[in-house]
Structures are given as C-alpha cells and as structure tokens.
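**Student:** I'll drop the sequence and a predicted model, then ask my questions.
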Amino acid sequence: MRKMVFTDLDGTFLNHDDYSFEPSLNAVSVLKEKKIPLIFTTSKTRKEVEILQKEVGIQEPFIVENGAALFVPKGYQDFDFSFLDVFDANYYVYMLGVPYGKTVAFYNRYKEAFGMHGFSDMDLPQVAECTGLKEKDAVLSKNRDFTEPFLWEQEERLEELSDLALEYGLKITKGGRFYHLIGAGQDKGKAVAKCVALFQDLFQHPISSIGLGDGENDIPLLENVDIPIAIQNHEGKYIEVNAKQFQKSTYKGAEGWNEMILKNV
C-alpha cells in the first residue's frame, strides 16, 4: 500500500500567526525517508507554493487556489504525464478552476453592492496587513491564476451572493482568513480525488491517502482521503468530518501537523 499525504498550509503545515513550518520538519524528514509524496493542497498561489517547496526542500505535485489546479513537475519520478495539459516549461497541469479574469469580472460587478474587498483592489501593504505576510511574499499572493480572496462586511448575504456567483460558474468558500471566489466545479476534494486516481494508475498499487486541514475549505479535502485529520485551529477549535477514521490533533498548527504525521506514517 503506497501512502500519499495531502495537506493544507495556513494553520496546518504552517502556523497561523507566524507562518512557521519549523515544528513540522521532523515529520517532513520521515516522509522524505519513506518516499511518501507530500502534496500541498492550499488556497495559496503557484508562486507561493514554489517558494515554500524550495524552503522545505521538496519538489512534489501540488494543488493551488482551493483546488483550482493540480500542478505536476515535469519528469516527476520519471513518469510520463504528457497526457495532461502543458502549463509551461516546468509543469503539466490538470485544471478544475476558471481563469482569474472571469473571477475578477464577477467580483468587480458586485463588490460594492455586497461590501467585498478583494486582493485585486488591495495594494501590497494592505495584503501584507490582512495576511500577516511580508510585502515580498504578498507580491506572490497577489499573483493569482484562478481565484479571488476577499474580506466581507455582509456575510449574512451569503446565499444571495452564492446564487449570483453560480450564474457566472463560480461559488464561494471560506478559509481561515478570507472568503474566496472560486470556480463552481472545483474544490480541494475534487483535486485530491483526481490526484489519487492519477497516481494509483502510475504506481500500479493501491494508495492510502492521508489528509490534514483546519478550515472549512478543507472539509472537501478530508472527505476525499482515507485518513482525514483535523488540526486544531488558532482558536482551539476543530472542523468536523463524518468519517470512520477521523482524527484530531492535540496541538495547534505545525506542532499538531507534526504530531499527526508521525502517528500515521
């Protein structure tokens, strides 16, 4: 049985307040030693994930912008991924989301009526302040391919805005800090399921999938893995998933992630 790990980043692999992954490194070393793929499954952008992978010392497939796309490095484990779309010189891609221009067109039409304040309207200092990122990292967060994160003053109108979004082929999901306008046909769970099916064919072995997350937008991820794990969030709370092997960490953030990876691999 081959194992694969799918993990949210903010508040899970990374601490909520300082974005540190240092407490996760012991478990990362174990995954590397056992050659278990570590698939970042995040609301972050491709550029953000590329930088983080370099810092962590891995080069694995990854899922970005809440399931908008699965990116696979060319030459990964010497498998032939040419049946996927070519993204650029470095990646093959399987896309579930919609282009950023379409997402922003909807946002621009309704932002004033619904009191939305999205990344496309924020300058770098504003994005840095809202996310807790340094400005050099906020640049990467604003460089989006698919989805629009936004702050919202009228959350009680969620159903109304959701109905309008569906007319544009979009929907709304909630993360740890922001709401997100994303493609109606995407979520982390669908991207995870595609990735598992893809690698099960390539490995020619059954796969045991492990998923970790802390926010509402991680529920589809956890519902599509064999071992779903809720990481205690920064408020000391847990998301809930109806699954037989559902587990909860003792600790918050990266320390909880480290705890649960070591327990399950």
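**Tutor:** That came in fine, so what should we check first?

**Student:** low-confidence ranges in this structure?
**Tutor:** With pLDDT under 70 as the threshold, the chain has no low-confidence stretch at all.

**Student:** Just the helices from it, written as ranges.
**Tutor:** The residue ranges that make up the helices of the chain, judged by DSSP state H, are 25-33, 46-56, 100-114, 124-131, 135-142, 158-167, 188-203, 219-222, 253-264.

**Student:** Packing partners of the fourth one?
**Tutor:** Of the remaining helices and strands, those touching helix 124-131 by 3 or more Cβ pairs under 8 Å, 6 or more residues apart in numbering; DSSP states H and E are helix 135-142. For glycine as for every other residue, the C-beta is placed from the backbone atoms N, C-alpha and C.

**Student:** so of the helices of the chain, which one's packed in deepest?
**Tutor:** Burial of the helices of the chain is given as mean neighbour count (mean count of other Cβ atoms under 10 Å); helix 219-222 ranks first at a mean of 25.

**Student:** returning to what we had before: list just the one of the helices of the chain that sits closest to residue 212.
**Tutor:** Among the helices of the chain, helix 253-264 comes nearest to residue 212, with 5.9 Å by Cβ to Cβ.

**Student:** Tell me which residues are up against the closest one.
**Tutor:** Here helix 253-264 makes contact (Cβ atoms under 8 Å, 6 or more residues apart in numbering) with 5, 7, 11-16, 20-27, 30-31, 210, 212, 214, 227, 229, 231-232, 234, 247, 249-251.

**Student:** again, only using 7 Å
**Tutor:** 5, 7, 11-16, 20-24, 26-27, 30-31, 210, 212, 227, 229, 231-232, 247, 249-251 (Cβ atoms under 7 Å, 6 or more residues apart in numbering).

**Student:** And stretch 208-215, by the same measure?
**Tutor:** Under the criterion Cβ under 7 Å, 6+ apart, residues 1, 3-8, 11-12, 175-176, 192, 196, 221-222, 225-231, 233, 239, 257, 260, 264 lie in contact with stretch 208-215.

**Student:** Residue 243: which of the helices of the chain is closest?
**Tutor:** With Cβ to Cβ as the yardstick, what comes closest out of these is helix 219-222 (7.1 Å).

**Student:** For the closest one, name the packing helices and strands.
**Tutor:** Contacting helix 219-222 under the criterion 3 or more Cβ pairs under 7 Å, 6 or more residues apart in numbering; DSSP states H and E are the following elements: helix 188-203, strand 207-213.

**Student:** Using CSV, lay out the helices of the chain together with distance to residue 63.
**Tutor:** Output for the helices of the chain, formatted as CSV (distance: least, Cβ to Cβ, whole Å):
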stretch, distance to residue 63
helix 25-33, 17
helix 46-56, 9
helix 100-114, 17
helix 124-131, 20
helix 135-142, 16
helix 158-167, 21
helix 188-203, 4
helix 219-222, 9
helix 253-264, 17
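
**Student:** Out of these, flag the one nearest residue 72.
**Tutor:** The stretch from the helices of the chain with the least distance to residue 72 (Cβ to Cβ) is helix 188-203; that distance is 8.2 Å.

**Student:** and that closest one, what other elements does it pack with?
**Tutor:** When contacts are defined as 3+ Cβ pairs under 7 Å, 6+ apart, helix 188-203 packs onto strand 2-7, strand 38-41, strand 62-64, strand 69-73, strand 207-213, helix 219-222.
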